[in-house]
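Undergrad: just coords:
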Ligand code: AMP
């Protein structure tokens, strides 16, 4: 087993790693750290929860501390781009945690926060800038910083950036940087788009792929057929009957997230909604309160499904399945992190049953879907639409619902077919002819 001390990291970084309680490098860290220390370009396919932030932050800081003249320059030499404000904030927290003891300054440039404060932070000549693309470009246009001196560029959650339409902004940003730089691309998926992006951005890159479904294997996944109209009641029963104490609930739409949070609050739960229509300040407030355990429930759209990290979140509930089944993996990946077991419930309505097939093909596994007794007749009817819905269950039924949840918890759904063993993945791997391919670590 590799150790952090096997890498050429400065002693103060090793101390920081020990303080964090990171006893050994995660697979992505084992693979990526030596490559980045070598100054090579990298395409890393790894999900949040894999320890990917440390995989680039640690070697970047090690290189900076070896080349201290870089720290004297007015403009940043490291630029880390993230698709969302929350992710950028989280990345910046990790950067600061390790950078401050080395005397390396950093700044965070995100929308929805004070430009003046950010301008003042830039005036202190930070060596590392963590940013979302739009706000970074605003500061560049105002002449608050130059990107000419960027020696290392990181694009985190690059697939998400493309999904969110950031490609034009990224192109503008690239034009402001010099060609002579190390570029690191981190993505949860290895799609054709990511391949193309990598071919445009990276110079003789190495490709590291860590089994994307690894986390799913440590997450117990339970699926319940629940009529759409019954979901609010079923959800409340699920939380109360099973004594769930900290639950991240996902909806597909902002409207549903807002309405569900409103009703749950009326039912006496401490709950907030997290979605794109909320102000940045209230999004951050809600997320921080949830992380601290001040909120029992957080109802979020897929905005929160990637990147955001919370230690030991025990339960995720998919109130609705996501439109894109890849988001299912990202959602449930909020739990079962860093070796801790997680539990993911999904409430599958009559209009969502078709999505199970896409999910099965993604997870390469037949899923066990339980139909609670009280909804049996509803789903027995082919269309489901004519069935009378049952009244709210009695307390005796609540007990049996709990027992059923426990019983089906034993029907563990393994999520982790190995991507590289799948024919389509093999094709992609072969297509990666411009990369030195480093095999996934399946230990
Ligand atoms: P990330 O994938 O970067 O979002 O990291 C997910 C979580 O894993 C964070 O809470 C990190 O603090 C934690 N983490 C990162 N590297 C390690 C490690 N080597 N050992 C234990 N935990 C880690």
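TA: Everything's here; your move. What you see is a predicted model, and the numbers here were worked out from it, not measured in a lab.
Undergrad: all contacts plus neighbour counts: C-alpha atoms, from now on.
TA: Noted.
Undergrad: burial measure for residue 154, as a count.
TA: As a burial measure, residue 154 scores 22 neighbours (other CA atoms under 10 Å).
Undergrad: and if you look at the one 5 residues further on?
TA: With neighbours defined by other CA under 10 Å, the count for residue 159 comes to 21.
Undergrad: and it, its phi and psi?
TA: phi -60, psi -40 (degrees, to the nearest 10).
Undergrad: excluding its backbone neighbours, what's nearest it?
TA: Of all residues not flanking residue 159 in the chain, residue 187 sits nearest, at 5.5 Å (CA to CA, 6 or more residues apart in numbering).
Undergrad: relative to the ligand, how far out is the one you found?
TA: Residue 187 sits 11 Å away from the ligand, going by CA to the nearest ligand atom, to the nearest Å.
Undergrad: same question for residue 151.
TA: Distance, residue 151 to the ligand, by CA to the nearest ligand atom: 22 Å.
Undergrad: quick one, what contacts that residue?
TA: Applying CA atoms under 8 Å, 6 or more residues apart in numbering, we find residue 151 in contact with 77, 78, 180, 181, 182.
Undergrad: lowest-confidence member of those residues, which is it?
TA: Model confidence across those bottoms out at residue 180, which has 91.
Undergrad: so what's that residue up against?
TA: Applying CA under 8 Å, 6+ apart, we find residue 180 in contact with residue 151.
Undergrad: sec struct for it, please.
TA: When classified by DSSP: H, G, I helix; E, B strand; the rest coil, residue 180 comes out as coil.
Undergrad: any idea how far it lies from the ligand?
TA: For residue 180, the distance to the ligand equals 27 Å [CA to the nearest ligand atom].
Undergrad: near the ligand, which residues of the stretch 51-200 of the chain?
TA: Listed as neighbours of the ligand in the stretch 51-200 of the chain under the rule CA under 6 Å from any ligand atom: 51, 52, 53, 54.
Undergrad: now with 8 Å, please.
TA: Contact residues, the stretch 51-200 of the chain versus the ligand (CA under 8 Å from any ligand atom): 51, 52, 53, 54, 55, 91, 94.
Undergrad: got those residues as a markdown table, with pLDDT, neighbour count and secondary structure columns?
TA: Output for these, formatted as a markdown table (pLDDT from 0 to 100; neighbours: other CA atoms under 10 Å; DSSP: H, G, I helix; E, B strand; the rest coil):
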| residue | pLDDT | neighbour count | secondary structure |
| --- | --- | --- | --- |
| 51 | 91 | 18 | coil |
| 52 | 93 | 22 | helix |
| 53 | 95 | 20 | helix |
| 54 | 97 | 21 | helix |
| 55 | 97 | 22 | helix |
| 91 | 96 | 25 | helix |
| 94 | 96 | 15 | helix |
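Undergrad: one step back: test my guess that the residue nearest to residue 159 contacts residue 161.
TA: No. Using CA atoms under 8 Å, residue 187 makes no contact with residue 161, being 9.4 Å away.
Undergrad: which regions of the chain sit below the pLDDT cut-off?
TA: Residues of the chain that meet the criterion pLDDT under 70 lie in 1, 192, 211-217, 303-311, 336-340, 382-443.
Undergrad: count the residues that sit near residue 140.
TA: The burial count for residue 140: 15, using other CA under 10 Å.
Undergrad: what sits closest to it if chain neighbours are left out?
TA: Closest residue to residue 140 apart from its sequence neighbours, by CA to CA, 6+ apart: residue 146 at 6.3 Å.
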